[in-house]
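Participant: Below: sequence and its predicted model.
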Amino acid sequence: MNAFADIIRKWLGKGGDDADSKDIAKDRLRLVLVHDRSMLPPETLDALRAELVEVVSRYFEVDRATLSMDVQRTRESWALMVNLPLRRARSAL
Amino acid sequence: MDGRAIVITSGKGGVGKTTVTANLGSVLAQSGSKVCLMDADIGLRNLDVVLGLENRIVYHLVDVIAGRCRLKQALIRDKRNENLYLLPASQSDDKNAVAPEQMRQLCQDLKKEHDYILIDCPAGIEQGFRNAVAGASQAVIVTTPEVSAIRDADRIIGLLHAQQLDTQLIINRLNPELVRRGDMLDQQDVIDILAIELLGIVPEDQGIVISTNKGNPAAFSEEYEASQAFWRIGRRIRGEIVPIPNYSDNGNLWSRIGKKLSDTFRRRAS
């Protein structure tokens, strides 16, 4: 049902320059909050990103551009959420 | 009596902390609870004018802490409701006139006589914030659905969690029309980002401007949409289970589909 609603929302989009401004706001906020919450400067985060890709690349085929990072907060702790879609395992080569 | 001390805070200025404090106080007092509203914004007091009590101030918070008067002498009883009291801030001192330990003691003393102490926190994360939070046992964060306010709210939530304070969120000045058009973050977006429990939503309402002009909080009259929102939030604070209206439900989706279809047909026809 949710997937259907998403398709409808995309179709509803805003004529030419598509995205709702609130979605732009949400994306921008997410990025800013990764910096704020981790208290790491952008260049350090970029270095972290590059090293993560490098390590995972030893075991899987990945596309660097698809990596996304998010710092999530629960009541007790913080968590670095890394999402890196895999193409396939190196061992399968 | 053993009251609850709740700090109303936001990080960013101008999002409606003082309005929320005044209105929740008047709701809780009208529900029969004994309430003290504390203006912790030392040097920039405002809660008195929002409540229309600015002409009654004799002593203030800093006088109490410095021992220049007794606590009872500084408390101003509201002219509309005898359960509601204001402890005004000083206008001439600065934030360093008070220390967190003194605020803690002041809240302890107020808890003996009141069911609720609502602390109106200054903007920022410096000394004034630390003072306002010191005596509180729980926190209500006020934000508007805008990037700058949410970013600052996130910072405050991090600081409050570090202090083990129970923290809930009020989304203030939500504009249902902008939400429907996809031009304003809705409640789910804000909750997704901040990962915090929602206490309530106050829709944008011109009645707030009008009632603030008059020094008579909106929650004292039933004609405003915002005052109904404050009543719902007040009942939740008192422990009732009250549903939160959804300003981005599927009804809106259907109305957008209808609009899109009619736009498409109009374009074909011309």
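Facilitator: Structure received.
Participant: how about the residues of chain B near chain A?
Facilitator: Residues of chain B lying near chain A by C-beta under 8 Å from any C-beta of the partner chain: B:146-147, B:150-151, B:154-155, B:157-158, B:161, B:179, B:181-186, B:189, B:192-193, B:195, B:250, B:253, B:256-257, B:260. Where you see a C-beta, it was placed from the backbone N, CA and C, and this is true even at glycine.
Participant: let's see it at 6 Å
Facilitator: Residues of chain B that fall close to chain A, judged by C-beta under 6 Å from any C-beta of the partner chain: B:147, B:150-151, B:154, B:182-185, B:189, B:193, B:195, B:256, B:260.
Participant: These: which two are farthest apart?
Facilitator: B:Asp154 and B:Lys260 (34.2 Å; C-beta to C-beta).
Participant: more neighbours, those two?
Facilitator: Shown here are B:Asp154 and B:Lys260; by other C-beta atoms under 10 Å in any protein chain shown, B:Asp154 has more neighbours (22 against 15).
Participant: So out of everything in chain A, what residue is nearest chain B?
Facilitator: Relative to chain B, the nearest point of chain A is A:Asp20 (3.1 Å; C-beta to the nearest C-beta).
Participant: Distance of the closest residue in space to that residue that isn't next to it in sequence relative to B:Ala153?
Facilitator: Leaving aside its chain neighbours, A:Asp20 sits nearest to B:Gly182 (3.1 Å; criterion: C-beta to C-beta, 6 or more residues apart in numbering or on different chains). Here B:Gly182 is placed at a distance of 22 Å from B:Ala153 (C-beta to C-beta, to the nearest Å).
Participant: So these two - more neighbours on which side?
Facilitator: The residue with more neighbours, out of B:Gly182 and B:Ala153, is B:Ala153; 25 against 20, by other C-beta under 10 Å.
Participant: Do I have it right that the residue nearest to A:Asp20 meets A:Lys22?
Facilitator: Yes: applying C-beta atoms under 6 Å, one finds B:Gly182 in contact with A:Lys22, separated by 5.5 Å.
Participant: Run through the chain and note the low-pLDDT ranges.
Facilitator: No chain in the question, so chain A it is. For chain A, the stretches with pLDDT under 70 are A:1-18, A:91-93.
Participant: other chain: chain B
Facilitator: B:249-256, B:258-260, B:262-270.
Participant: Got the phi and psi for the residue of it found nearest chain A?
Facilitator: Proximity of chain B to chain A (C-beta to the nearest C-beta) peaks at B:Gly182, 3.1 Å away. Dihedral angles of B:Gly182 (phi, psi; degrees, to the nearest 10) stand at phi 80, psi 20.
Participant: what do you get for B:Tyr116?
Facilitator: With angles defined as degrees, to the nearest 10, B:Tyr116 sits at phi -130, psi 140.
Participant: how many neighbours does it have?
Facilitator: With other C-beta under 10 Å as criterion, B:Tyr116 counts 23.
Participant: Which residue is the nearest non-sequential neighbour of it?
Facilitator: B:Val35 (4.8 Å).
Participant: before we move on, what about B:Asn175?
Facilitator: B:Glu204 (4.6 Å).
Participant: Please, where are all the strands along chain B?
Facilitator: Assigned by DSSP state E, chain B shows strands spanning B:4-9, B:35-39, B:76-77, B:84-87, B:116-120, B:138-143, B:166-174, B:197-203.
Participant: can I get these in CSV with distance to B:Gly215?
Facilitator: Formatted as CSV, these follow (distance: least, C-beta to C-beta, whole Å):
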stretch, distance to B:Gly215
strand B:4-9, 19
strand B:35-39, 14
strand B:76-77, 13
strand B:84-87, 12
strand B:116-120, 16
strand B:138-143, 20
strand B:166-174, 20
strand B:197-203, 19
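Participant: middle-most residue in chain A, spatially?
Facilitator: Among the residues of chain A, the one closest to the centroid is A:Ser68, at 2.5 Å (C-alpha atoms, centre = their mean).
Participant: Next up, the contacts around that one.
Facilitator: If a contact means C-beta atoms under 6 Å, 6 or more residues apart in numbering or on different chains, then A:Ser68 has A:Asn83 as its contacts.
Participant: Need phi/psi at it.
Facilitator: According to degrees, to the nearest 10, A:Ser68 has phi -130, psi 140.
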